[in-house]
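Enquirer: Return atomic coordinates for the entry below.
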Amino acid sequence: MKPQREALELVDVAHDISRTHQSAQELHGSAEDFAARKVRELRENDLGAFEPPAETYNARHFIQMSLTMGIALTLCFALLGFLVGEEGLPTSFIGLPFIAGAVTTGVISAMHRVGHRHGFVAGVGAFIGMLAVGIVLFALWMKLFQQINLPGSILVWNIVLAVTAAIGLYLFSKKYPDTSEADKNRQMLQAVEAQRSF
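Expert: Residues are numbered from 1 along each chain as shown. Down below sits the predicted model:
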């Protein structure tokens, strides 16, 4: 359910309680029964009250998930470099974990967003389309940067890359914080209270 709608329902219950001086359980029964009844009513009468899960796949989510997956994959490459002990890292490996993170996040996001709005078959089509784009990006990246080698070990370069990306992720999260559900609900409650006071 959308946080705004949840807030409205909670304010209605709070008004009922203050008006009748009865407990929420006396007025509406158990919380589970009340919630199930409300969900049933809203599904029958107001489908707009429910937030589609696809809405969580926004640009902020894409960037954070891509960087997070890229950092994890970079650390895996660092472990591989440690185990193999190779010197000289092809430049193509520097960005590869982050391309993999972006492609994976893009594929999942496209499948969820398109699938939710247009059905399962369209979601699978979006998945296949994004996967094809990802394969092309991988191939281009490898072709363009395969011949250039960086000095030093794979381990060192990947650790430097992972730390740099982690700092970037931290700074991005600070600059573009996610508004928590509690903040959204508090703002909505304040708006509802202001509206009802007129």
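Enquirer: I'd like the mean pLDDT over stretch 160-172, please.
Expert: Average pLDDT, stretch 160-172: 92.
Enquirer: Oops, could you answer that again for stretch 75-91 instead?
Expert: 73.
Enquirer: Helices of the chain, residue ranges please.
Expert: 3-20, 24-28, 31-45, 59-84, 92-118, 120-145, 154-175, 181-196 (DSSP state H).
Enquirer: quick one: the residue sitting nearest the centre point of the chain from residue 133, how far?
Expert: Central residue of the chain (CA atoms, centre = their mean): residue 61, 3.8 Å from the mean position. According to CB to CB, to the nearest Å, residue 61 and residue 133 sit 18 Å apart. The way it works is simple: take the backbone N, C-alpha and C, and place the C-beta from them, glycine included.
Enquirer: do the same with residue 106
Expert: 8 Å.
Enquirer: Who has more neighbours out of the two?
Expert: The neighbour count for residue 106 versus residue 133, taken as other CB atoms under 10 Å, is higher for residue 106 (22 against 14).
Enquirer: Quick check, pLDDT for residue 23.
Expert: Per the predicted model, pLDDT is 80 at residue 23.
Enquirer: Also the one 5 residues further on?
Expert: Listed pLDDT for residue 28 reads 75.
Enquirer: same question, residue 125
Expert: 91.
Enquirer: show me the residues around it that make contact.
Expert: Neighbouring residues of residue 125 by CB atoms under 8 Å, 6 or more residues apart in numbering: residue 114.
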